[in-house]
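J.: kindly return the folded structure for what I paste below:
(2 chains)
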Protein chains: 2
Amino acid sequence: MRIGVVGLGLIGGSIALGLREKHAVRGYDRDAAARDAARGRGLDVTDTLEAVLPADAVIVATPLGAIVPTLRALMAKAEGTILFEVGSLKRDVAALADTAPAHARIVGLHPMAGSTAAGIAVADPALFHARPFLVVPTSRSDDASMEIAGEIARELGGSVTVCSPQVHDRAVAAVSALPLAAAVALGRVAREASPIPFDAVAGTGIRDATRLASTPVDLALPLLAAPGLAEHIASLREALGDIERALGDEHALRGLLDGARPERP
Amino acid sequence: MRIGVVGLGLIGGSIALGLREKHAVRGYDRDAAARDAARGRGLDVTDTLEAVLPADAVIVATPLGAIVPTLRALMAKAEGTILFEVGSLKRDVAALADTAPAHARIVGLHPMAGSTAAGIAVADPALFHARPFLVVPTSRSDDASMEIAGEIARELGGSVTVCSPQVHDRAVAAVSALPLAAAVALGRVAREASPIPFDAVAGTGIRDATRLASTPVDLALPLLAAPGLAEHIASLREALGDIERALGDEHALRGLLDGARPERP
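T.: Numbers count the residues shown, from 1 in each chain, chains lettered A, B, ... in the order given. Reported below is the predicted structural model:
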């Protein structure tokens, strides 16, 4: 296939690098430095958005706020091209699809992998190997476009699950937005509570536990708009209260510790 | 030096492997299978605790509950041997030292590194490289024993900070026990809140954030007795409440996100 990738950061860059063996991949980024860096990694890169067309598929991997405008711009010119996007939340894309022309084909993708590092310099064609990969149909997804979505996800090494935009966004609130909020709060409290400066005492454990607090602010902010996050934070506060009350009660603590990992590998 | 290492799990095993190039290291574990596994990794292993003596230093790396009894047993037979221990909390060792014979030499060590994996099979002489390494004097530490403590910590590659048992335990409550409690609560809530099964949707972020919930229960329970943990959990609940209230207010959220990482590398 001829595949366009718009937005050549960590995710878009990794997708482009992961697909170019089997497909004719052309990339675009609105930032000239990112385009140069992508060329430096051997990608075929165009200087305008429109020049990724004609294509069988275009994958939009811009920051979340730019996804709908980019899809609109492509829809106006790309009859017959299947449009994919890899944003962290699907509500706005689902709404766009509901009002899109009948010929439009739009499918959401969400590889559950990433890093707090950003940019094509850290892009890796193996980033999605053995990672969950959600495929999210909209009202403008048909069998052919869903099949190609699954093909792309599998070619990138992902483990595919199909779900609706609503279910997707609720899952993201639980497994992406909530851990981000928890990491931000934990990082702040641990630093304030430790009588030894953080860097002189922090080992692997707390560093892993608070890594998400280093998510770039422009990625973190939209994620904190995930639906139901406020309720999940309230549940987390309650779960912490359960532990607080169990302190000193070995039997109760064992129960809470055992309950935290029934399905862990 | 002749150095004994008692308790050949991940930490004790890594210490023994890390010190044997420069010192005559003898190890002991009360579990015969652990002794065999340690011999399999090329260590000189004795079949009784007493046989690690005579030694210039013995490092006790048993589970926390066994540290004081092991130190008592060694003290009875080891005049002139400096006793070190690497437990996660120092309160009980400090109390032991306060009532120990005048000739006893006892110093706390705490390398801030580890893994949720356990046992000498995963021991690694490089485990402590570039990691914080706390050296904790007791009332039975003198200049010579403190100097050897620093030497051992540096030979293992650690970055040394000296602190009192009280300061140590308060720091551990903030950077080890609190993240453990947070991981347990977060793992439970994220699993309950996600409409997609955890393994089909969990990416790197939540897996890192909840890794500490897989700490073996017998290591986790004593850590949850760290002093001040209840207050830290209460602070974490408040910090989560701050985020909950800021949701939808971009300016306030930016402030919280920026505040979470002022000193991060």
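J.: now the spatially most central residue of chain A, nearest residue through space, not along the chain?
T.: The structure's chain A has its C-alpha centroid closest to residue A:88; by CA atoms, centre = their mean the separation is 4.4 Å. Of all residues not flanking residue A:88 in the chain, residue A:223 sits nearest, at 5.5 Å (CB to CB, 6 or more residues apart in numbering or on different chains). Bear in mind the C-beta positions are built from the backbone N, C-alpha and C, glycine included.
J.: and the one you found, how many neighbours?
T.: 21 (other CB atoms under 10 Å in any protein chain shown).
J.: what's the pLDDT at it?
T.: Here the pLDDT value assigned to residue A:223 is 94.
J.: try the one 10 residues further on
T.: Residue A:233 is assigned a predicted lDDT (pLDDT) of 98.
J.: next one: the one 3 residues further on
T.: Residue A:236 is assigned a pLDDT of 98 by the prediction.
J.: check contacts around it.
T.: By CB atoms under 8 Å, 6 or more residues apart in numbering or on different chains, residue A:236 lies in contact with A:178, A:181-182, B:185-186, B:189, B:240.
J.: mind running it again at 7 Å?
T.: A:178, A:182, B:185-186, B:189, B:240 (CB atoms under 7 Å, 6 or more residues apart in numbering or on different chains).
J.: so which of those are in helices?
T.: Per DSSP state H, helices hold the following members of these: A:178, A:182, B:185-186, B:189, B:240.
J.: taking the stretch 151-265 of chain A, what residue is nearest to chain B?
T.: Relative to chain B, the nearest point of the stretch 151-265 of chain A is residue A:203 (3.2 Å; CB to the nearest CB).
J.: would you agree that residue is in contact with residue B:133?
T.: No - judged on CB atoms under 7 Å, residue A:203 makes no contact with residue B:133 at a distance of 9.6 Å.
J.: those two - which one has more neighbours?
T.: residue B:133 (26 against 19).
J.: part of a strand, is the more buried one?
T.: Yes - counting by DSSP: H, G, I helix; E, B strand; the rest coil, residue B:133 falls inside a strand.
J.: residues touching the residue nearest to it when sequence neighbours are not counted, list them.
T.: Nearest residue to residue B:133 in three dimensions, chain neighbours excluded: residue B:158, at 2.7 Å (CB to CB, 6+ apart). Shown in contact with residue B:158 (CB under 7 Å, 6+ apart): B:111, B:128, B:131-133.
J.: how about 10 Å then?
T.: Contact analysis of residue B:158 by CB atoms under 10 Å, 6 or more residues apart in numbering or on different chains lists B:18, B:109-113, B:127-135, B:150, B:152.
J.: give me the number of residues near residue A:53?
T.: Residue A:53 has 18 nearby residues by other CB under 10 Å.
J.: which parts of chain A are strands?
T.: Read by DSSP state E, chain A holds these strands, from start to end of the chain: A:2-6, A:24-28, A:44-45, A:57-60, A:82-85, A:105-111, A:132-137, A:159-162.
J.: strand partners (parallel or antiparallel) of the shortest one?
T.: Take DSSP bridges as the rule and strand A:44-45 pairs in its sheet with strand A:24-28 (parallel).
J.: which residues of chain A fall in helices?
T.: Going by DSSP H, chain A shows helices at A:10-19, A:32-40, A:64-75, A:91-98, A:143-155, A:165-172, A:178-193, A:198-201, A:204-209, A:217-223, A:229-246, A:250-259.
J.: so which of those gets nearest residue A:104?
T.: Closest approach to residue A:104 among the helices of chain A (CB to CB): helix A:64-75, 5.4 Å.
J.: who wins for proximity to residue B:80 among the helices of chain A?
T.: Nearest to residue B:80, of the helices of chain A and by CB to CB, is helix A:198-201 at 32.0 Å.
J.: what residues does the residue of the stretch 151-265 of chain A closest to chain B make contact with?
T.: B:110-114, B:128, B:131-133, B:175-176, B:179.
J.: ditto for residue A:134
T.: Residue A:134 neighbours (CB under 10 Å, 6+ apart): A:86, A:90, A:108-112, A:153, A:158-163, A:167-168, A:171-172, B:196, B:200-201.
J.: at 7 Å what do you get?
T.: Counting by CB under 7 Å, 6+ apart, residue A:134 has contacts A:110, A:112, A:161, A:163, A:168, B:201.
J.: circling back: scan the contacts of residue A:236 and report the most crowded one.
T.: residue A:182 (32 neighbours).
J.: any idea how far that one lies from residue A:8?
T.: Distance, residue A:182 to residue A:8, using CB to CB, to the nearest Å: 31 Å.
J.: for residue A:198, same thing?
T.: 34 Å.
J.: ok, residue A:92 next?
T.: 22 Å.
J.: ok, and the closest non-adjacent residue to the residue in the stretch 1-150 of chain A that chain B sits nearest to?
T.: Using CB to the nearest CB, residue A:112 is the residue of the stretch 1-150 of chain A that sits closest to chain B, at 3.2 Å. Leaving out its chain neighbours, the residue that sits closest to residue A:112 by CB to CB, 6+ apart is residue B:203, at 3.2 Å.
J.: the residue nearest to residue A:88 contacts residue A:176, doesn't it?
T.: Yes - here residue A:223 lies in contact with residue A:176, judged by CB under 7 Å, at a distance of 5.9 Å.
J.: got any residues that touch both of the two?
T.: Common neighbours of residue A:223 and residue A:176 (criterion: CB under 7 Å, 6+ apart): residue A:88.
J.: what number of residues lie near residue A:117?
T.: 11.
J.: same check on residue A:138?
T.: 23.
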